[in-house]
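Q: Below are the sequence and a predicted model; questions follow.
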Amino acid sequence: AHHFLARAKEHASLGAFLAQDEAVTLAQARAADARLARGDASPLLGVPVAHKDVFVTADFSTTAGSRMLQGYRSPFESTVTRKLSDSGMVCLGKLNCDEFAMGSANETSAYGQVRNPWDTTRVPGGSSGGSAAALAARLTPAATGTDTGGSIRQPSSFCNLTGIKPTYGRASRFGLIAYASSLDQAGPMARTAEDCALLLSALCGPDLDRDSTSLDVPAEDFSRALNDRLDGLRIGVPKEFISDGLAPDVRAAVDAALAELQKLGARLVEISLPRTELSIPVYYILSPAEASSNLARFDGVTFGHRAKDYTDLEDMYKKTRGEGFGDEVKRRIMTGTYVLSHGYYDAYYLQAQKVRRMIADDLQRAFQQCDVIAGPVAPTVARCIGECADDPLADYLADIYTLSASLAGLPAMSVPAGFGAHGMPVGLQLIGNYLQESKLLNVAHQLQ
Ligand code: GLN
């Protein structure tokens, strides 16, 4: 823990950490030492971890990257962070992220830009960008992230890491500050599939009393299939993922990883996910709709920021929300309110729900032809900081390969696939059918 605390200080300019408390971390490390001395052999005992700042934690402040929650201290602990601490992990602190997990570059955080350790003029990805930067710079050996539309996979891809978003419902959303509840899912980010498997086994599991969408399936040992052979495994490559928008350098790295999988005995099959392009409008209707509802609670009354000067209650709401939320969050609240409003609900929200179902059905059809789906995570390597400042749409469009799995609630991960333009990392995306995390981790581990 001492080593990692010192490294975090040394590399503070990356902007990865939002909250650290040496005394808390060292007390947890001593408690882990005591467990070890009693003969406890839990695999994660004493291993440091840092959490994306959207998980509420009792020992550290939680901001969700927003001014709205500046200095907020939760009275309780999220299930995911509690489970990791129960397994003996030592918390190094909280990690920067896009405001309320809305973004792809960590540029929407109210607490400053996170830099990509591979090239500090570039973004680390988002919204779990602090998690990715901290791991890539070795400020922590393990981190949590959340993925609503790609926020574990894309930063993992941009920073040469392994990250997995489990099947929707595997990880409890209790204490996870909500962005879009029907899509939000927590997961681990680390250097290898083996590390992710250990972390995933510890953080998943039913939490039926606290999260109504928690799956009633027991946590499993996700490490058990890591060394299975890939002979005969059918890997589906969606032709829509290898499209014109895919940069040649990313395509080359993805092709090389697929060729490697073939050498390991897997068979590549071309599949089709015909509604891939529709995943963007569907996601950018449904997720703002849910966000507009979830973020209604930030009204200056129960917790968080409250404006100083106001004339009456309505003025207090307006000023509080005007000051507390950043531009991207406001944009999504307005979009969400619009698509849910009377007269537009049927045309946008309901229609998007129908197409969401069709996208999930397309994926089920694809899984009749293959065991695992593989393709790129993002169309390009990490872009330069500020490059899309006046063009939020450009970042939305770059979510094209990650959104389908999110909309369907399927497990998906990113595993390092090599390097592309400017020497920047490229990830290979693996998508599995429901509850097939072990299969994904197996394929990823064989590549490593
Ligand atoms: N980039 C996507 C967005 O901006 C995904 C975010 C996420 O998964 N939290 O919404």
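A: The structure has been received and is ready for your questions. Numbers count the residues shown, from 1 in each chain.
Q: residues near Ala252, how many?
A: By the measure other CB atoms under 10 Å, the count of residues near Ala252 is 16. C-beta here means a position set from N, CA and C on the backbone, and glycine is covered the same way.
Q: Gly386 now?
A: Around Gly386 there are 12 other residues, counting by other CB under 10 Å.
Q: So the closest residue to it other than its chain neighbours versus Ala225, what's the distance?
A: Closest residue in space to Gly386, ignoring its immediate chain neighbours: Glu107 at 7.6 Å, by CB to CB, 6 or more residues apart in numbering. Glu107 sits 38 Å away from Ala225, going by CB to CB, to the nearest Å.
Q: Comparing the two, which residue is more hemmed in?
A: Glu107 (23 against 18).
Q: Spit out the contact partners of the more buried one.
A: Neighbouring residues of Glu107 by CB atoms under 8 Å, 6 or more residues apart in numbering: 98, 113, 123, 126, 385-386, 388-389.
Q: wait, Gly150 sits on Asp399?
A: Yes: using CB atoms under 8 Å, Gly150 is in contact with Asp399, at 5.4 Å.
Q: Which one of these two is surrounded by more residues?
A: When Gly150 and Asp399 are compared for neighbours, Gly150 comes out ahead with 30 against 21, by other CB under 10 Å.
Q: what residues are up against the more buried one?
A: Residues 104, 377-378, 399, 401-403, 406 are the ones in contact with Gly150 under the rule CB under 8 Å, 6+ apart.
Q: ok, and of those, which contact the ligand?
A: The subset of the contacts of Gly150 within reach of the ligand, by CB under 6 Å from any ligand atom, is 104, 399.
Q: May I have the phi/psi pair for the residue nearest to Gly386?
A: The phi/psi pair for Glu107 (degrees, to the nearest 10) reads phi -90, psi -10.
Q: Quick one: residues contacting Gly130.
A: Counted by CB under 8 Å, 6+ apart, Gly130 has contacts 15-18, 52-53, 95-97, 106, 114, 124.
Q: where exactly do the strands run in the stretch 151-300 of the chain?
A: Ranges of strands in the stretch 151-300 of the chain, per DSSP state E, counting those that start in this stretch, are 162-165, 185-190, 234-238, 267-271.
Q: Pick the most buried one from these.
A: Highest mean neighbour count among the strands of the stretch 151-300 of the chain (mean count of other CB atoms under 10 Å): strand 162-165, with a mean of 32.
Q: What's the mean pLDDT across that strand?
A: Averaged over strand 162-165, pLDDT sits at 98.
Q: Which residue is the nearest non-sequential neighbour of the residue in the stretch 201-350 of the chain that the ligand sits nearest to?
A: Nearest residue of the stretch 201-350 of the chain to the ligand (CB to the nearest ligand atom) works out as Ser287 at 5.8 Å. What sits nearest to Ser287 in space, not counting adjacent residues and going by CB to CB, 6+ apart, is Ala180, at 3.9 Å.
Q: Please tell me how far that neighbour sits from the ligand.
A: Counting by CB to the nearest ligand atom, to the nearest Å, the separation of Ala180 from the ligand is 8 Å.
Q: tell me the phi and psi of that residue?
A: phi -130, psi 100.
Q: What of Thr276?
A: For Thr276, the backbone dihedrals (degrees, to the nearest 10) come out as phi -50, psi -50.
Q: That one - nearest residue in space that isn't next to it in sequence?
A: Glu240 (4.0 Å).
Q: ok, and what's touching stretch 348-361?
A: So stretch 348-361 is contacted by 273, 275, 278-279, 281-282, 285-286, 289, 338-340, 404, 407-409 (CB under 8 Å, 6+ apart).
Q: Give me the buried stretch members for that stretch, please.
A: Neighbour-count burial for stretch 348-361, with 16 or more other CB atoms under 10 Å as criterion, is recorded at 348-349, 352, 355-356, 359-360.
Q: Distance to the ligand for those - can I get that in CSV?
A: Formatted as CSV, the buried residues of stretch 348-361 follow (distance: CB to the nearest ligand atom, whole Å):
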residue, distance to the ligand
Tyr348, 17
Tyr349, 17
Ala352, 14
Val355, 17
Arg356, 15
Ile359, 16
Ala360, 17
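Q: what would those look like in a markdown table with pLDDT and distance to Val426?
A: Below are the buried residues of stretch 348-361 laid out as a markdown table (pLDDT from 0 to 100; distance: CB to CB, whole Å):
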| residue | pLDDT | distance to Val426 |
| --- | --- | --- |
| Tyr348 | 97 | 35 |
| Tyr349 | 97 | 35 |
| Ala352 | 98 | 31 |
| Val355 | 98 | 29 |
| Arg356 | 98 | 28 |
| Ile359 | 98 | 25 |
| Ala360 | 98 | 27 |
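Q: So which of these are in helices?
A: Within the buried residues of stretch 348-361, residues falling in helices by DSSP state H are 352, 355-356, 359-360.
Q: Now do the buried residues in stretch 271-284.
A: By 16+ other CB under 10 Å, the buried positions in stretch 271-284 come out as 271, 273, 275-276, 278-280, 282-284.
Q: Verify the stated contact: Cys204 with Pro166.
A: Yes: contact criterion CB under 8 Å: Cys204 and Pro166 qualify, at 6.0 Å.
Q: and Pro188, what does it touch?
A: 142-145, 163-164, 195-196, 199-200, 203.
Q: nearest residue to it other than its sequence neighbours?
A: Of all residues not flanking Pro188 in the chain, Leu199 sits nearest, at 3.5 Å (CB to CB, 6+ apart).
Q: so which strand or helix has the residue of the stretch 251-400 of the chain at minimum distance from the ligand?
A: Proximity of the stretch 251-400 of the chain to the ligand (CB to the nearest ligand atom) peaks at Asp399, 4.9 Å away. Assigned by DSSP states H and E, Asp399 belongs to no helix or strand.
Q: Report the separation between it and Arg7.
A: Remark: distance between Asp399 and Arg7 (CB to CB) = 32 Å.
Q: Tell me how many other residues crowd the residue nearest to Thr276.
A: Glu240 is flanked by 19 other residues according to other CB under 10 Å.
Q: any idea how far Glu277 is from it?
A: 7 Å.
Q: now do Leu313
A: 44 Å.
Q: ditto for Lys308
A: Distance of Lys308 to Glu277, given as CB to CB: 46 Å.
Q: helices or strands up against the lowest-mean-pLDDT helix or strand in the chain?
A: Least confident helix or strand of the chain, by mean pLDDT, DSSP states H and E, is helix 392-397 with a mean of 94. Here helix 392-397 touches helix 279-294, going by 3 or more CB pairs under 8 Å, 6 or more residues apart in numbering; DSSP states H and E.
Q: mind listing what's buried in the following helix or strand past the helix it packs on?
A: Sequence-wise, the next helix or strand downstream of helix 279-294 (DSSP H and E) is helix 313-324. Within helix 313-324, the residues scored as buried using 16+ other CB under 10 Å are 316-317, 319-321, 324.
Q: Contacts made by the helix or strand following helix 313-324 with the rest, please.
A: Per DSSP H and E, the first helix or strand lying C-terminal to helix 313-324 is helix 327-340. Contacts to helix 327-340, defined as CB under 8 Å, 6+ apart, come from residues 66, 98-100, 102-103, 108, 284-285, 287-293, 295, 325, 344-345, 348-349, 352, 392.
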